[in-house]
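Visitor: Here is my input, please return the structure:
(one chain, ligands or ions: 1)
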Amino acid sequence: MSASASLPPGDEKQEAVPVRHCKGANDLDKVVLREVRGSSAEVYLYGGHVTSWRDEHGDELLFVSNKAIFKPPKAIRGGIPICFPQFSNFGNLEQHGFARNRTWTIDTDPPPFPVPTSNTAYVDLILKPTDEDLKIWPHNFEYRLRVALSPGGDLMLTSRIRNTNADGKAFSFTFAYHTYFKISDISEVRVEGLETLDYLDNLQDRARFTEQGDAIVFESELDRIYLGTPSKIAIIDHEKKRTFVVRKGGLPDAVVWNPWDKKAKAMSDFGDDEYKRMVCVEAAAIEKPITLKAGEEWTGKLELSAVPSSYYSGQLDPDRVIQDSSVPEDSIS
Ligand SMILES: O=P(O)(O)OC[C@H]1O[C@@H](O)[C@H](O)[C@@H](O)[C@@H]1O
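Guide: The predicted model follows:
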């Protein structure tokens with residue numbers, strides 16, 4: 001059942017095919033991945049952007065705004081935008097870089113890649129700079145993104161970015177998988193795994209603080225870059241009795257963001273009350289930009305699982321959450 005999406009655009013009615021290339025909102029190309037037990041994911045070629053991840057019951061796990069604009073050049077509000085080659089305004093490019101509003105292509109012949117376990121549905125995408133891109137960021141690169149859905153329904157994103165500069169020049173970039181998780185109610189959610197860490201507070205000119213709480217809870221706007229984080233972070237949704245587990249490799253930092261009411265109202269592509277149903281926890285490399293010499297490649301991985309909260313019952317101690325891993329460490333870093 002493993003398959004890459006080299007299939008021609010087709011009709012979504014043929015349900016059994018695990019990887020399907022078809023049309024999404026506003027006729028944009030998208031790829032649908034289906035896993036044998038019923039979970040699924042959707043990836044738009046616009047942005048190389050995952051817009052849906054559903055569990056085996058069909059429950060959506062990612063937040064996408066009802067007001068999201070599926071139309072270039074605006075990035076899609078929700079899902080997993082890719083921030084590259086710049087996170088936020090850490091540089092002279094547009095906010096969060098340009099990868100999230102470029103149209104990627106399906107990579108039908110990616111270079112050797114660890115073979116996914118059988119029954120994994122996946123698609124390989126590629127982004128290369130256009131002449132226009134090279135005017136604003138004068139570096140040649142090949143960005144290969146694999147989006148995969150495991151037989152258990154875990155969503156796995158692997159980014160491989162190669163410096164293909166012919167002039168031998170190095171380049172540096174910052175990066176984030178800007179994941180919007182769908183939650184029952186922001187007041188019922190806590191994020192564990194970031195305790196005692198230093199963070200830069202985007203709401204206070206990026207001043208540096210040390211996290212004092214047992215876990216992050218939300219009572220107002222929050223916009224922080226946690227530094228040097230463990231490879232595992234848990235988002236616990238008490239009302240839904242569901243825990244999202246974020247595992248990351250090659251991405252030392254983690255951004256936590258909720259816009260709260262005022263900023264929600266200021267965003268044209270976001271509903272006034274939608275901040276209650278989302279939280280962003282973003283695996284990132286920000287404080288220390290990644291530098292690639294000509295010919296070098298960097299890999300950044302994200303693995304998302306959704307498990308019943310009882311899975312962690314009695315072991316919400318953050319150290320336990322971080323150390324208890326069902327994924328071998330070497331498969332993620
Ligand atoms: O509106 P954008 O460009 O998608 O950014 C959304 C948010 O993205 C977060 O990653 C930033 O920390 C926030 O400061 C920002 O507001």
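Visitor: Distance check, residue 171 against the ligand.
Guide: For residue 171, the distance to the ligand equals 22 Å [CB to the nearest ligand atom, to the nearest Å]. Heads up, the C-betas are built off the backbone N, CA and C, glycines and all.
Visitor: how many neighbours does the closest residue to that residue other than its chain neighbours have?
Guide: Spatial nearest neighbour of residue 171, chain neighbours left out: residue 139 (4.1 Å); criterion: CB to CB, 6 or more residues apart in numbering. Residue 139: 19 surrounding residues under other CB atoms under 10 Å.
Visitor: go on, residue 251?
Guide: With other CB under 10 Å as criterion, residue 251 counts 25.
Visitor: Next: the one 5 residues further on.
Guide: With neighbours defined by other CB under 10 Å, the count for residue 256 comes to 21.
Visitor: so what's it up against?
Guide: Neighbour list for residue 256: 191, 194, 216, 222, 223, 224, 226, 279, 280, 281, 282 [criterion: CB atoms under 8 Å, 6 or more residues apart in numbering].
Visitor: which bits of the stretch 51-200 of the chain sit near the ligand?
Guide: Residues of the stretch 51-200 of the chain that fall close to the ligand, judged by CB under 6 Å from any ligand atom: 75, 88, 95, 96, 178.
Visitor: Buried only: go through the residues you listed for me.
Guide: Neighbour-count burial (16 or more other CB atoms under 10 Å) applied to these gives 75, 88, 96, 178.
Visitor: Could you dump the residues of the stretch 51-200 of the chain next to the ligand into a markdown table with secondary structure and pLDDT added?
Guide: As requested, those are exported to a markdown table (DSSP: H, G, I helix; E, B strand; the rest coil; pLDDT from 0 to 100):
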| residue | secondary structure | pLDDT |
| --- | --- | --- |
| 75 | coil | 98 |
| 88 | coil | 98 |
| 95 | coil | 98 |
| 96 | coil | 98 |
| 178 | coil | 99 |
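Visitor: Using CSV, lay out these together with distance to residue 23.
Guide: Output for these, formatted as CSV (distance: CB to CB, whole Å):
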residue, distance to residue 23
75, 19
88, 32
95, 28
96, 26
178, 24
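Visitor: Identify the farthest-apart pair in these.
Guide: 75 and 88 (13.0 Å; CB to CB).
Visitor: which residues are common contacts for the two?
Guide: With CB under 8 Å, 6+ apart, residue 75 and residue 88 have common neighbours residue 96.
Visitor: hang on, residue 97 packs against residue 89?
Guide: No - at 10.3 Å, residue 97 does not count as touching residue 89 under the criterion of CB atoms under 8 Å.
Visitor: Have a look at the two and say which one is more surrounded.
Guide: Taking neighbours as other CB under 10 Å, residue 97 and residue 89 compare with residue 97 leading, 25 against 11.
Visitor: how near is the closest residue to that one other than its chain neighbours to residue 247?
Guide: Once flanking residues are discounted, residue 97 sits nearest to residue 86: 4.0 Å by CB to CB, 6+ apart. To residue 247, residue 86 is 24 Å away according to CB to CB, to the nearest Å.
Visitor: do residue 69 as well
Guide: With CB to CB as the criterion, residue 69 and residue 247 are 31 Å apart.
Visitor: who's more crowded, those two?
Guide: Neighbour tally, residue 69 and residue 247, criterion other CB under 10 Å: the higher count belongs to residue 247, 23 against 15.
Visitor: Just the pLDDT at the more buried one, thanks.
Guide: For residue 247, the model assigns a pLDDT of 98.
Visitor: that's a strand at it, yeah?
Guide: Yes - secondary structure assignment places residue 247 in a strand (DSSP: H, G, I helix; E, B strand; the rest coil).
Visitor: So what pairs up with the residue lying closest to it once chain neighbours are set aside in the strands?
Guide: Once flanking residues are discounted, residue 247 sits nearest to residue 303: 4.2 Å by CB to CB, 6+ apart. When assigned by DSSP bridges, residue 303 has beta-bridge partners residue 156, residue 247.
Visitor: do the same with the one 4 residues further on
Guide: Listed beta-bridge partners, residue 307: residue 243 (assigned using DSSP bridges).
Visitor: so who does the closest residue to the ligand within the stretch 51-200 of the chain touch?
Guide: In the stretch 51-200 of the chain, no residue comes nearer to the ligand than residue 95, which is 4.3 Å away by CB to the nearest ligand atom. By CB under 8 Å, 6+ apart, the residues touching residue 95 are 88, 89.
Visitor: how many neighbours does residue 201 have?
Guide: Considering only other CB under 10 Å, residue 201 is surrounded by 14 other residues.
Visitor: residues contacting it?
Guide: Shown in contact with residue 201 (CB under 8 Å, 6+ apart): 207, 208, 209, 223, 224.
Visitor: which of the residues you listed lies closest to residue 294?
Guide: residue 208 (33.5 Å).
Visitor: if I read this right, the closest one contacts residue 197, doesn't it?
Guide: No - Residue 208 sits out of contact with residue 197 when judged by CB under 8 Å, with a separation of 10.8 Å.
Visitor: Isn't residue 82 up against residue 177?
Guide: Yes - contact between residue 82 and residue 177 holds when scored by CB under 8 Å: they sit 6.6 Å apart.
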